[in-house]
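Asker: I would like the atomic coordinates for the input below:
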Amino acid sequence: MNDLLKRWHALAPREQWLCYAVGLALLVMLYYLLLAEPLALREQTYVRERQDAETRLQEAQATRLDLEARMAADPNLPYRDALRVAEGVRQEVLRRIDEETGSLIPPAQMKSVLQELLRNQPRLKLINLESSSTPLELPGDTPPQVGSTPSEVPLALYRHGLKLTLEGGYFDLLEYLRAVQASGWRLHWDSLDHRVSEEGHEKARIIIDLHTLSRDQGVLGV
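Answerer: Numbers count the residues shown, from 1 in each chain. Predicted coordinates:
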């Protein structure tokens with residue numbers, strides 16, 4: 001410490017003032033780096049967040065005032081908005097149903113197409129043909145009310161099924177199935193039962209169960 005004091009007193013007054021200036025500059029720089037700049041950044045962040053909060057508050061107040069004005073003009077506005085949302089959901093469900101069923105064979109053509117393809121397989125004999133049309137349960141199904149508008153009528157999807165009982169050989173059946181597949185129509189295959197009878201494999205009993213889907217309740221074509 002004494003050595004430092006001796007060196008300090010040995011300096012000329014000008015050199016001492018220069019050291020004072022350098023020390024003061026260092027203190028100012030340290031204050032700016034360690035305190036002033038972080039405080040300024042924090043202040044800017046606070047101001048920006050406060051402005052954002054005020055903007056959101058103003059938007060919320062404007063939305064509330066607009067909603068109050070609309071409700072004053074139309075007390076049923078919330079119900080109308082809910083109905084519009086429900087109708088939008090309904091239309092989306094219908095679009096998806098139509099997209100799924102669009103490539104399926106129409107119920108009115110299903111029976112005639114299968115019978116026509118069967119005529120091209122003379123060694124396959126049609127023993128019995130059963131048809132059915134049943135509604136499928138969809139989420140949110142409710143019975144339609146009297147006076148309901150078309151948009152209020154519940155969604156409906158019908159399963160139109162055919163059960164063919166045939167008699168013939170395995171390879172004849174295979175050709176028939178290939179013909180159905182090559183026809184370009186899409187079907188849902190439920191089951192296929194092939195049982196060889198006592199009369200031989202050429203007289204096997206074959207039961208094919210398949211169906212298509214449609215929003216129409218109409219019966220299968222003859």
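Asker: contacting residues for residue 208?
Answerer: Contact criterion C-beta atoms under 8 Å, 6 or more residues apart in numbering gives 162, 163, 164, 166, 189, 191, 192, 193 as the residues in contact with residue 208. For every residue, glycine as well, the C-beta is placed using N, CA and C.
Asker: reformat these as CSV; add neighbour count, distance to residue 199 and pLDDT.
Answerer: Supplementary listing: those in CSV, determined by neighbours: other C-beta atoms under 10 Å; distance: C-beta to C-beta, whole Å; pLDDT from 0 to 100:
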residue, neighbour count, distance to residue 199, pLDDT
162, 21, 26, 91
163, 16, 22, 93
164, 22, 20, 93
166, 21, 14, 94
189, 12, 27, 87
191, 9, 23, 92
192, 13, 20, 91
193, 11, 17, 92
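Asker: so which of those sit within helices?
Answerer: If you go by DSSP state H, the contacts of residue 208 have nothing in helices.
Asker: what about the helices in this protein?
Answerer: Along the chain, counting by DSSP H, helices occupy 2-10, 13-31, 37-73, 77-101, 107-119, 170-182.
Asker: okay, and the beta partners of the closest residue to residue 124 other than its chain neighbours?
Answerer: Leaving aside its chain neighbours, residue 124 sits nearest to residue 168 (3.9 Å; criterion: C-beta to C-beta, 6 or more residues apart in numbering). In this entry, residue 168 is beta-bridged to residue 204, by DSSP bridges.
Asker: nearest to residue 215, of the helices of the chain?
Answerer: Distances from residue 215 to each of the helices of the chain were compared using C-beta to C-beta; the shortest belongs to helix 77-101, at 6.3 Å.
Asker: what angle do that closest one and helix 37-73 make?
Answerer: Calculated by axes from the mean of the first three to the mean of the last three C-alpha atoms, to 10 degrees, helix 77-101 forms an angle of 100 degrees with helix 37-73.
Asker: which strands and helices lie in contact with helix 77-101?
Answerer: With contacts defined as 3 or more C-beta pairs under 8 Å, 6 or more residues apart in numbering; DSSP states H and E, helix 77-101 has these neighbours: helix 37-73, strand 200-214.
Asker: doesn't residue 118 make contact with residue 124?
Answerer: Yes - assessed by C-beta atoms under 8 Å, residue 124 is found in contact with residue 118 at 6.1 Å.
Asker: right, and residue 165 touches residue 127 too?
Answerer: Yes - under the criterion of C-beta under 8 Å, residue 165 is in contact with residue 127, at a separation of 4.3 Å.
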